[in-house]
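A.B. asks: Here you go, sequence then predicted model.
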Amino acid sequence: QVQLVESGGGLVQAGGSLRLSCAASGLTSSTYTMGWFRRAPGKEREFVAAINWSGASTDYTDSVKGRFTISRDNAKNTVYLQMNSLKPEDTAVYYCAAGNRGKSRFSPAYDYWGQGTQVTVSS
């Protein structure tokens with residue numbers, strides 16, 4: 001049974017930083033692409049960042065480029081999202097996802113999802 005468990009969310013002031021973690025268990029290999037998505041209140045879920053299985057290739061939505069960094073530690077089956085210079089518009093529930101269709105910005109490419117962790121950025 002595959003489980004993705006996010007942690008590290010919380011309340012932070014604008015300009016602050018948070019580091020999200022996603023611990024994966026039950027995946028049959030470490031070759032999964034991992035992604036982060038978010039859903040803000042009243043909005044649809046949107047892509048944030050993705051990383052390929054080796055960590056050599058990453059992708060970010062434009063609004064977080066230069067502020068967020070995705071990384072992974074395959075030995076620990078964990079993917080991270082370092083978020084710096086946070087803005088109120090980053091407030092959302094952040095979801096971790098795993099898929100084996102290659103790095104993608106599209107939700108259907110991911111087979112497994114976590115329950116999400118709340119990030120709230122105050123102005």
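C.D. replies: That came through, no problem. Residues are numbered from 1 along each chain as shown.
A.B. asks: Compute the distance between G16 and A24, please.
C.D. replies: Noted for G16: a distance of 27 Å to A24, by Cβ to Cβ, to the nearest Å. (Each C-beta comes from the backbone N, C-alpha and C, glycine too.)
A.B. asks: Those two: which has the busier surroundings?
C.D. replies: Higher neighbour count among G16 and A24: A24, with 22 against 14, using other Cβ atoms under 10 Å.
A.B. asks: Which residues outside the helix or strand the more buried one falls within are in contact with it?
C.D. replies: Taking DSSP states H and E as the definition, A24 sits inside strand 18-25. Defining contact as Cβ atoms under 8 Å, 6 or more residues apart in numbering, one finds that strand 18-25 is touched by 2-10, 12, 32, 34, 36, 76-83, 86, 94, 96, 98, 112, 114, 117, 119.
A.B. asks: Only whichever of the residues you listed are buried, select them in ChimeraX.
C.D. replies: Command for ChimeraX that selects the buried part of these, burial taken from 16 or more other Cβ atoms under 10 Å:
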select :4,6,8,9,12,32,34,36,77,78,79,80,81,83,86,94,96,98,112,114,117,119
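A.B. asks: now stretch 10-24, how far from the centre of its chain.
C.D. replies: Taking Cα atoms, centre = their mean, to the nearest Å, one finds the center of stretch 10-24 at 11 Å from the center of the full chain.
A.B. asks: isn't Y94 right up against F37?
C.D. replies: Yes. The pair Y94 / F37 is scored as a contact, 7.4 Å apart, by Cβ atoms under 8 Å.
A.B. asks: For these two, list the residues in contact with both.
C.D. replies: By Cβ under 8 Å, 6+ apart, Y94 and F37 have these common neighbours: V48.
A.B. asks: how about the strands in the chain?
C.D. replies: Taking DSSP state E as the test, the strands found in the chain are 3-7, 10-13, 18-25, 33-39, 46-51, 58-60, 68-73, 78-83, 92-99, 112-113, 117-122.
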